[in-house]
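> Compute the structure for the input listed below.
(one chain, ligands or ions: 1)
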Amino acid sequence: MGNLELRAFEIEFNRPITKRERSMVNIVGKVFLGNFIRPGWSGEIDFYLFMCDNHGLVADYPHFHSQILRCPLCQDRINKDPEPTICQEELDNLKKELRDMEQK
Ligand SMILES: [Zn+2]
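The predicted structure is shown next:
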């Protein structure tokens, strides 16, 4: 599946996106790609890989203070927590299990 927008990102920042990162998006919602800077920006900004319902995988950076990621093509708003919620839940469950085991 070719995505010109994502390919443009790879070329602009010389940052190839791996197969693993592509599949990670399905599990954790978004994947951190690194800090990049564009001409005119005052500093580097965190970029994330995520899924747009209309365009598939795209890369963007959080806008405003609410960490909103937007598809560069259709501006669909995707608001995700910085940390993967699935893993946090699993972590909490594991901690609880460990606590229970210690008490026995
Ligand atoms: Zn889109």
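> excluding its backbone neighbours, what's nearest the spatially most central residue of the chain?
Geometric centre of the chain, nearest residue: Lys30, 2.5 Å, by CA atoms, centre = their mean. For Lys30, ignoring the flanking residues on the chain, the nearest one in space by CB to CB, 6 or more residues apart in numbering is Phe50 at 4.1 Å. For glycine as for every other residue, the C-beta is placed from the backbone atoms N, C-alpha and C.
> do the same with Cys74
In space, Cys74 is closest to Asn54, 5.1 Å off (CB to CB, 6+ apart).
> I'd assumed Cys71 was in contact with that neighbour.
Yes - under the criterion of CB atoms under 8 Å, Asn54 makes contact with Cys71 at 6.9 Å.
> Give me the helix or strand of this protein that scores worst on average pLDDT.
strand 77-79 (a mean of 62; mean pLDDT, DSSP states H and E).
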